[in-house]
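1. Sequence and predicted structure below; questions after.
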Amino acid sequence: MLDQNEFLHPDKECLTREQIDALQVERLQATIRHCMNSPFYKKKFEEMGIKPEDIKTPADVRKLPFTTKQDLRDNYPFGLASVPLDKCVRLHSSSGTTGNPTVVLHSQKDLDEWANAVARCLWMVGLRPNDVFQNSSGYGMFTGGLGFQYGAERLGMLTVPAAAGNTLRQIKFITDFGTTAIHAVPSYLTRIKEVMDQQGIDPRKDTKLKVLAIGAEPHSEEQRKRIENMFGVKAYNSFGMSEMCGPGVAFECKEQNGLHFWEDYYIVEIVDPETLEPVPDGEIGELILTTINREAMPLIRYRTRDLTRVLGRTCPCGRNHIRLDRMKGRSDDMMVLRGVNIFPIQIEKILMKFKELSTNYLITLTTDNDNDNMTVEVEVNDFDLNDKDKVQQLTKEVTRALKDEILLTPHVKLLPLGTLPQAEGKAVRVKDFRKVYQ
Ligand code: ADP
Ligand code: ZN
């Protein structure tokens, strides 16, 4: 018998597969009807002759057109809205490096539902109203700020909008306010721990921390374990994306066996990025999300470009919301070096196996004499860089392990702790100087 106190929304979290399917059909039909208010979707649906009644099972979502980031850019700023602007109360915009940025609009109902989704995630990993939640992620347009703020408040926790940066002050907040949970990008949490070490603060003895929420950027299972060992508490993977709302799209439960995507909010598909046909469970493909509970700007079959796979559709925690593997990266993160496809996360996974290495690393790609080369710089932990023999030995071992994984031999450079640039937001893991030559 499941303990109902483990669930914030038992009526939604404990649905059977048949109930999820029925709810998705009902909500997708309503979404199609609602999207007819958006000139963008009205035109597409009319051209394709799509009617809400065409949806009889969740798989019928495949009858609908895809939406891409380019569509958001082309219709910048408000072209995809399905409600008049006076019904919208907030927008978030992501900085486009090329062309127009993208804009996502929210009605009051959207903000309420978003806060509910984040609260549900945090409740799932054991947080309760008597917890103190410190949000050490960027605020402003970055949805990890306000998204977690409203969600943690909705749950009823004392919420500290610490934002990212000013690490000494972060640590003071953690100790003074009795912070029990922190949300931050993984790379910033490791920075907080470095500074704690310098200050002689032991998170196990000197803080009340019990839960970490890490996400917004790809990270390996190995890095998660590192972070858990650093702080002596569990670190749960949090997945989100501005286009869907922000954080709260998916979160790990206490089983830590994949990300539960909330299927009362989204229809999840995994497709082959080339053919756009569905791939079988267990196979890696591109994540496609359809919002079925949004008012201001629903998105149909949004191509996230994130690569992942289905792990399961049931879970010992009692939730039947689909479980997906941690993101392998975005299709555009993939590096092609001398014809070999490599994801930064593959390099991270290997580096994290060496206890002498820290979690700060940078991959640089260059073209030298017409050859593409990869340099992997990584900071060391507790390791004597003056001992030339040991440096040579470790460099050799790391190079060999990387070669076994990526089939190419990178140049490995060991650096003292604190040498590489530190991001407070999402970490920059790859610098590709080859683009100059293309
Ligand atoms: P931007 O698109 O500017 O990076 P977002 O905050 O919307 O801004 O980023 C969403 C993207 O971040 C996702 O599509 C995914 O690539 C990445 N992401 C978010 N959470 C995770 C996570 N837990 N693991 C891996 N990648 C993540
Ligand atoms: Zn679960």
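-> The structure has been received and is ready for your questions. Ligands and ions are numbered 1, 2, ... in the order given.
2. list the contacts for the closest residue in space to Arg204 that isn't next to it in sequence?
-> Setting aside the residues directly before and after it, Arg204 is nearest to Gly232 in space (C-beta to C-beta, 6 or more residues apart in numbering), at 4.2 Å. C-betas here are computed from N, CA, C, even on glycine. Residues counted as contacts of Gly232 (C-beta atoms under 8 Å, 6 or more residues apart in numbering) are 203-204, 209.
3. Throw the residues you listed into JSON lines and include distance to ligand 1 and pLDDT, thanks.
-> What follows is the contacts of Gly232, written out as JSON lines (distance: C-beta to the nearest ligand atom, whole Å; pLDDT from 0 to 100):
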{"residue": "Pro203", "distance to ligand 1": "22", "pLDDT": "98"}
{"residue": "Arg204", "distance to ligand 1": "25", "pLDDT": "98"}
{"residue": "Leu209", "distance to ligand 1": "20", "pLDDT": "98"}
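4. In PyMOL, how would I select the buried members of the residues you listed?
-> When burial is assessed using 16 or more other C-beta atoms under 10 Å, the buried subset of the contacts of Gly232 is captured in PyMOL by this command:
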select buried, resi 203+209
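5. Dump the contacts of Gly232 to CSV, plus secondary structure and distance to Asp432.
-> Output for those, formatted as CSV (DSSP: H, G, I helix; E, B strand; the rest coil; distance: C-beta to C-beta, whole Å):
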residue, secondary structure, distance to Asp432
Pro203, helix, 36
Arg204, helix, 40
Leu209, coil, 37
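6. which among the contacts of Gly232 gets closest to Ile20?
-> Leu209 (34.3 Å; C-beta to C-beta).
7. how far away is the spatially closest residue to that closest one that is not a sequence neighbour from Ile182?
-> The spatial neighbour of Leu209 that comes closest, neighbours along the chain excluded (C-beta to C-beta, 6+ apart), is Val233 at 5.2 Å. When C-beta to C-beta, to the nearest Å is the yardstick, Val233 and Ile182 sit 9 Å from each other.
8. ok, those two, which is more surrounded?
-> Ile182 (28 against 19; other C-beta atoms under 10 Å).
9. was I right about that one contacting Asp131?
-> No: the criterion here is C-beta atoms under 8 Å, and Ile182 misses it with Asp131 at 10.9 Å.
10. related to what we said a few turns ago, between the contacts of Gly232, which is nearest Arg429?
-> Distances from Arg429 to those, taken as C-beta to C-beta, are shortest for Pro203 (25.1 Å).
11. gap between that closest one and Ile227?
-> Taking C-beta to C-beta as the measure, Pro203 falls 11 Å from Ile227.
12. where exactly do the strands run in the stretch 251-400 of the chain?
-> Along the stretch 251-400 of the chain, the stretches classed as strands by DSSP state E, counting those that start in this stretch are 259-261, 266-271, 285-291, 302-308, 310-312, 323-324, 329-330, 335-337, 340-342, 357-368, 371-380.
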